[in-house]
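Undergrad: With the input below, show me the fold.
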Amino acid sequence: MILLEIFFFILCFIVINMVAIYPIVVYLINRNKALWKRTDNYQPSVSILFAARNEEKVIEERIKNLASQNYDFNKVEVYVGSDASEDATNEILLRLQNDFSWLKIFISDRRIGKAGILNELIEKVNNDILLFTDANTIFEKDALKNLVQDFYDEKVGGVCGRLVLIDDEKVRSRGVEELNYWQYETFIKRGEGRNGILLAANGGIFAIRKNLYKQIPTEKAVTDDLFISLSVIEQGYRFTYCEEAVAYENTGKDIKSEYKRKVRFSATNFQTLADFKNLLTGKNRLLAYAFFSHKVTRWFLPMLLFLILILSGLLAKENSIILAAYILQLLFYLSAFGGFLFSLVRIRISVFSLPYFFVISNIAVAAGFIRFLKKKHSVIWESTER
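TA: Numbering: from 1, shown residues only. Reported below is the predicted structural model:
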């Protein structure tokens, strides 16, 4: 029993480290120390890229939003790849191409997936900085100008902007609490970015140096923005975070769509982490600690929580601390069930909806892990409506 108790407390420490200790550590380290040179007047040439699949509802707004950027467009080119769109996306893009000389269109007549589209676009771009975004993202007018400033330092290989998620009470009443989680995640990204070790860029707004781009695998499904971010860090470059480069996206419309999205990208995240497992044993100890805490532990959290629940149930009679932990877990999961019931009648009470969203999210991660093990995750998928 003693060994099981020790194992229980080790598992608890790993989870507590991920949730609380690691975010505080990366926030405090080098808090007031600049690690790289920066200027407010740097305007390198930039190639903006994104893939689109049946985006007729948002594609025109997206292009016009890019056109409104406060930047010298003699230094900008925008490449949009349509992944065999079946709606009016292609027609809209071709029409807009007549209005904007910097807009370049690539239309694939067969599905090749987002990774395939991005790999194709990279072969066509001319500029030194690659900015990745999504069809449903909206930039503030100075987002591009602010995002590229860190590239003044040659040791900076990538920069992530601040993605702000937008939801409403109707969405939250359906059990979607993505906004609260995202605020916590953004706090961690700030700390990592301050240390130049940001592990996963926001897919809606981030940039890297063109010479650091590695072809995204298409024979297996990976998370493209995570793969690109980790490949930059793996090459020994810093990946920073720019608070002033702001972009907006809507959250998922309901818990069902969010669940499907999380299952899909959880499966690809496990594949991506497996490809970069060497970061756990690299010379950069802070990076190894970050990778273990923010990524490895995060994606194995459902399994850790399950083990903690089982062990605490078995050991509750042996240790009063473990008994208290067991009771707290039962109350938490009971609250999650209450959140599920309230979501059925469109009632949102945070003390119930937050545990419910947490539990559903981790069930999705576990389902994604099973899909990863069965190799049933595809490189081609439909985007989730947001």
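
Undergrad: roughly how far apart are the closest residue to Phe291 other than its chain neighbours and Ala221?
TA: For Phe291, ignoring the flanking residues on the chain, the nearest one in space by Cβ to Cβ, 6 or more residues apart in numbering is Leu279 at 4.5 Å. From N, CA and C alone the C-beta is placed, and that goes for glycine too. Plainly put, Leu279 is 20 Å away from Ala221 if you go by Cβ to Cβ, to the nearest Å.

Undergrad: Which one's more surrounded, these two?
TA: Shown here are Leu279 and Ala221; by other Cβ atoms under 10 Å, Ala221 has more neighbours (25 against 20).

Undergrad: doesn't Phe292 make contact with Leu280?
TA: Yes - in this structure, Leu280 is within contact of Phe292 by Cβ atoms under 8 Å, at 6.0 Å.

Undergrad: Okay, buried residues for stretch 326-334 please.
TA: In terms of neighbour count (16 or more other Cβ atoms under 10 Å), stretch 326-334 has its buried residues at Tyr326, Tyr333.

Undergrad: Strands along the chain, start to end?
TA: 46-52, 76-83, 103-108, 129-133, 138-139, 156-166, 205-209, 238-250 (DSSP state E).

Undergrad: circling back to that earlier point, Leu280 and Phe292: which is more packed in?
TA: Between Leu280 and Phe292, counting by other Cβ under 10 Å, Phe292 is the more crowded of the two (17 against 14).

Undergrad: wait, what's in contact with that one?
TA: Leu280 (Cβ atoms under 8 Å, 6 or more residues apart in numbering).

Undergrad: let's see 10 Å
TA: Phe292 sits next to Ile14, Asn17, Met18, Tyr22, Leu279, Leu280, Arg298 when contact means Cβ atoms under 10 Å, 6 or more residues apart in numbering.

Undergrad: what's the answer for Phe369, then?
TA: So, once contact is read as Cβ under 10 Å, 6+ apart, Phe369 ends up touching Val263, Ser266, Ala267, Asn269, Phe270, Trp299, Phe300, Pro302, Met303.

Undergrad: again, 7 Å this time
TA: Counting by Cβ atoms under 7 Å, 6 or more residues apart in numbering, Phe369 touches Ser266, Phe270.

Undergrad: residues contacting the closest residue to Trp299 other than its chain neighbours?
TA: Excluding the flanking residues, the one nearest Trp299 by Cβ to Cβ, 6+ apart is Asn269, at 5.8 Å. Contact analysis of Asn269 by Cβ under 7 Å, 6+ apart lists Thr223, Leu226, Trp299.

Undergrad: next one: Asp40
TA: Gln149.

Undergrad: again, but for Thr137
TA: The neighbourhood of Thr137, defined by Cβ under 7 Å, 6+ apart, consists of Gly204, Ile205, Ala247, Glu249.

Undergrad: repeat that for 10 Å
TA: 50, 58, 62, 65-66, 143, 161, 163, 202-205, 247-250, 386.

Undergrad: what do you get for Ala367?
TA: Per Cβ under 10 Å, 6+ apart, neighbours of Ala367: Tyr259, Lys260, Lys262, Val263, Arg264, Ser266, Ala267, Pro302.

Undergrad: Could you let me know which of these ends up closest to Ser45?
TA: Arg264 (34.2 Å; Cβ to Cβ).
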